[in-house]
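A.B. asks: whatever this is, show me its structure:
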Amino acid sequence: MNKKELVNAILKEKGYSNVTRRHADTFITSLTNIIKRTVKKGEDVSLVGFGTFTRVRRQARWGYNPSTGQKIKIKARTLPKFRPGKTWKDCF
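C.D. replies: Sure, this is the predicted structure:
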């Protein structure tokens with residue numbers, strides 16, 4: 001599902017008949033921007049029942065180029081991480 005399909009799904013959801021396509025799109029954009037900014041600052045975003053967005057630091061390590069087999073150095077990085085909540089995990 002892409003962003004356009006998500007907006008359409010919100011519009012079809014019960015109780016949201018008065019929401020315009022523009023408002024739904026703006027809401028999704030704002031939500032993702034807020035989550036990105038908050039996690040980038042090092043804070044967690046926890047949505048009970050859905051999951052938690054966090055920031056993790058990966059240490060530098062050695063890897064191998066699969067086409068040549070040559071050993072390469074992989075730099076340390078900071079990445080976003082998502083942990084699904086119990087309610088969401090129980091759906092599967």
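
A.B. asks: helix or strand right after the one helix or strand V56 maps to?
C.D. replies: Secondary structure from DSSP states H and E places V56 in strand 51-58. Note on strand 51-58: by DSSP H and E, the next helix or strand toward the C-terminus is strand 61-64.

A.B. asks: just checking, what packs against the helix or strand following that following strand?
C.D. replies: Remark: after strand 61-64, the chain's next helix or strand is strand 71-74, criterion DSSP H and E. For strand 71-74, the elements it packs on are strand 61-64, judged by 3 or more CB pairs under 8 Å, 6 or more residues apart in numbering; DSSP states H and E. Where C-beta positions appear, they are placed from N, C-alpha and C, glycine not excepted.

A.B. asks: from K36, how far out is the closest residue to F53 other than its chain neighbours?
C.D. replies: Distance criterion CB to CB, 6 or more residues apart in numbering; nearest residue to F53, sequence neighbours excluded, is V45 at 4.4 Å. For V45, the distance to K36 equals 9 Å [CB to CB, to the nearest Å].

A.B. asks: more crowded one of the two?
C.D. replies: V45 (18 against 13; other CB atoms under 10 Å).

A.B. asks: from the centroid of the protein, which residue is nearest?
C.D. replies: Centroid-nearest residue in the chain, with CA atoms, centre = their mean: F82, separated by 6.2 Å.

A.B. asks: where does that residue land in three-state SS?
C.D. replies: Classification of F82 by DSSP: H, G, I helix; E, B strand; the rest coil places it in strand.

A.B. asks: who touches the least confident helix or strand in the chain by mean pLDDT?
C.D. replies: Scoring the helices and strands of the chain by mean pLDDT, DSSP states H and E places helix 86-89 at the bottom, with a mean of 89. Under the criterion CB atoms under 8 Å, 6 or more residues apart in numbering, residues 49-51 lie in contact with helix 86-89.

A.B. asks: which one of those has the most neighbours?
C.D. replies: Ranking these using other CB under 10 Å puts G51 first, with 17 neighbours.
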